[in-house]
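**Q** Just to be clear, the model below is a prediction. Sequence and coordinates:
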Amino acid sequence: MNAADTAWMLASTALVLLMTPALGFFYGGLVRAKNTLNTIMMSVAALGFVGVAWAILGYSLAFAPGSFFVGAPSYAFLRGVGLEAQGTIPHLLFMAYQATFAIITAALVSGAIVERMRFGPYLAFITLWSLFVYAPVAHWVWGGGWLARMGALDFAGGTVVHINAGAAALVAAFVLGPRKDYGRQAILPHSVPLTVLGAGLLWFGWFGFNAGSALAASPTAALAFTNTLFAPAATLLVWTLMDLLRTGKVTAVGGATAIVVGLVAVTPAAGFVCPMSGLVLGALAAFPSYYALLWRARTRLDDSLDVVAAHGLGGTVGALLTGVLAQKAWNGATDGALFGNPKQLGIQAVAVLASIAYSAALTWGLLKAVAAVAPLRAAAPDEGLGLDVSQHGEEAYARGEGAILILDEPPESPAPAVAPVIRTERGRS
């Protein structure tokens with residue numbers, strides 16, 4: 001084992017863990033004030049439910065030696081996962097680092113169904129989804145499964161994380177249906193500064209997400225780190241210019257979204273392309289996601305926070321461009337189509353389509369299974385009141401002495417007030 005590699009992976013694990021509450025801030029600022037806490041809690045709760053599921057079974061299904069499709073249960077309850085070397089770091093640390101990926105991937109899906117899904121069924125869904133969707137796809141790509149054997153490139157999660165979550169978000173949005181106010185009134189972000197803060201923290205954490213995926217303090221980590229810096233910068237630049245050309249204004253929400261799109265797009269390519277290719281990738285990724293956001297707003301698809309456009313489409317563009325721009329001189333693994341290996345683009349396309357098809361089918365099945373036990377949608381009065389109160393019994397922004405009184409039981413009717421007797425000077429009441 002190597003002390004420098006271990007130190008870097010400890011730091012990277014903490015950085016990626018920070019990304020989940022950062023995602024909560026990013027999403028939380030984009031919803032109405034009455035749903036702020038519910039939206040943030042959809043991310044924060046994944047830390048507990050998905051984290052525990054990962055330790056009990058998810059890690060084993062993803063990374064234990066098994067079939068081409070899924071890992072065996074040999075690592076269940078972390079049996080055999082100790083301080084022995086996994087590469088140049090402790091096996092236990094590798095498991096913990098991968099846990100942070102599972103957590104944030106499940107939390108990403110919440111952006112498509114905020115402001116209308118009941119919290120209990122949501123927790124059941126993301127726990128099951130992390131085991132039956134995320135873990136098998138992670139095994140396909142990173143655990144020695146069939147896509148790894150085929151030679152699919154996914155440095156830090158374009159296929160495993162973003163395309164996987166994007167497909168699930170699309171299905172979840174269809175199954176849940178639109179919010180009751182969708183298309184009837186403007187649904188505006190209640191706190192743009194909160195969203196920008198979330199985007200900044202996501203970018204900070206993403207250095208652990210991408211550079212940490214080198215699993216060592218190595219030149220490859222330095223390459224991934226640099227691409228994580230410059231690809232989103234290129235996306236932000238192009239997005240800003242498109243906003244200026246289209247409307248003459250540059251929105252902060254658009255800028256925050258551009259940063260996330262650039263980060264998503266470079267994720268599968270971060271350790272496989274040179275920095276200038278990373279810049280090109282980031283710039284190109286702005287176009288499909290930008291126009292997909294504009295198109296989606298004119299449809300009845302209520303993907304509330306545009307998970308499909310930002311993560312699903314951004315991840316797809318990044319995964320495919322990895323098959324074009326990968327360069328063996330930089331990654332030591334393989335070249336892409338632009339450098340004499342067109343076959344790699346076909347392999348990347350297979351990985352993208354397989355992830356979409358599997359995630360979409362299993363997500364639909366899991367949502368229907370949860371719905372058979374408990375309703376997925378919040379009742380219309382609860383949705384109108386806001387899910388902060390109806391699902392959590394608290395408010396993000398209390399005004400005065402408390403805007404809403406929440407009681408477990410209705411109060412007893414007060415005794416009828418007795419009108420006071422008023423005496424006049426003449427002694428008459």
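**A** On my side now, so go ahead.

**Q** what helix or strand does the residue lying closest to residue 18 once chain neighbours are set aside sit in?
**A** Counting by C-beta to C-beta, 6 or more residues apart in numbering, residue 18 lies nearest to residue 205, which is 4.5 Å off, once chain neighbours are set aside. In short, each C-beta sits where N, CA and C put it, glycine included. In this structure, residue 205 sits in helix 192-211 according to DSSP states H and E.

**Q** Let me know how buried residue 181 is, in neighbour terms.
**A** In terms of burial, residue 181 registers 15 neighbours under the definition other C-beta atoms under 10 Å.

**Q** How many neighbouring residues does the residue nearest to residue 18 have?
**A** As a measure of burial, residue 205 has 24 neighbours, counting by other C-beta under 10 Å.

**Q** Break down the stretch 1-150 of the chain into its strands, ranges please.
**A** In the stretch 1-150 of the chain, strands defined by DSSP state E, counting those that start in this stretch lie at 85-86, 89-90, listed in chain order.

**Q** among the ones you listed, which is the most enclosed?
**A** Across those, averaging neighbours per residue (mean count of other C-beta atoms under 10 Å) puts strand 89-90 on top, at a mean of 20.

**Q** Could I get the buried residue list for stretch 166-179?
**A** The neighbour-count check on stretch 166-179 (16 or more other C-beta atoms under 10 Å) flags 166-176, 178-179 as buried.

**Q** Pipe those residues into CSV and attach secondary structure, distance to residue 221 and pLDDT per row.
**A** Converted to CSV, these look like this (DSSP: H, G, I helix; E, B strand; the rest coil; distance: C-beta to C-beta, whole Å; pLDDT from 0 to 100):
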residue, secondary structure, distance to residue 221, pLDDT
166, helix, 26, 97
167, helix, 29, 98
168, helix, 29, 98
169, helix, 30, 97
170, helix, 33, 97
171, helix, 35, 98
172, helix, 34, 98
173, helix, 36, 97
174, helix, 39, 96
175, helix, 40, 97
176, helix, 39, 97
178, coil, 43, 95
179, coil, 42, 94
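
**Q** Show me which pair in those residues is furthest apart.
**A** Comparing every pair within the buried residues of stretch 166-179 by C-beta to C-beta identifies 167 and 179 as the most remote, at 21.2 Å.

**Q** ok, so of the buried residues of stretch 166-179, who is nearest residue 31?
**A** Within those, proximity to residue 31 (C-beta to C-beta) peaks at residue 179, which comes in at 10.0 Å.

**Q** Verify the stated contact: the closest one with residue 380.
**A** No. Proximity of residue 179 to residue 380 does not meet the contact threshold set by C-beta atoms under 8 Å, at 10.4 Å.

**Q** Tell me who's in contact with residue 226.
**A** When contacts are counted by C-beta atoms under 8 Å, 6 or more residues apart in numbering, residue 226 touches 275, 278.

**Q** and it, what element?
**A** With secondary structure defined by DSSP H and E, residue 226 is part of helix 219-247.

**Q** any idea of the mean pLDDT in that helix?
**A** Across helix 219-247, the average pLDDT comes to 98.

**Q** Give the buried residues for that helix.
**A** Of the residues in helix 219-247, those scored as buried under the neighbour-count criterion (16+ other C-beta under 10 Å) are 220-221, 223-240, 242-243.

**Q** Report the distance from that helix to the chain centre.
**A** 19 Å (C-alpha atoms, centre = their mean, to the nearest Å).

**Q** what angle do that helix and helix 192-211 make?
**A** Between the axes of helix 219-247 and helix 192-211, defined by axes from the mean of the first three to the mean of the last three C-alpha atoms, to 10 degrees, the angle is 150 degrees.

**Q** then the next helix or strand after helix 219-247 to CSV, C-alphas only?
**A** Following helix 219-247 in sequence order, the next helix or strand is helix 252-266 (DSSP H and E). Listed in CSV are the C-alpha atoms of helix 252-266, where the atom choice follows Å, rounded to 0.1, in the frame of the first residue of the first chain:
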residue,chain,number,x,y,z
ALA,A,252,-27.5,32.9,-12.6
VAL,A,253,-29.6,29.7,-12.7
GLY,A,254,-28.3,29.2,-16.3
GLY,A,255,-24.7,29.7,-15.2
ALA,A,256,-25.1,27.2,-12.3
THR,A,257,-26.7,24.7,-14.6
ALA,A,258,-23.9,25.1,-17.1
ILE,A,259,-21.3,24.3,-14.5
VAL,A,260,-23.1,21.1,-13.6
VAL,A,261,-23.6,20.1,-17.3
GLY,A,262,-19.8,20.6,-17.9
LEU,A,263,-18.9,18.5,-14.8
VAL,A,264,-21.3,15.7,-15.9
ALA,A,265,-20.0,15.6,-19.4
VAL,A,266,-16.3,15.4,-18.5
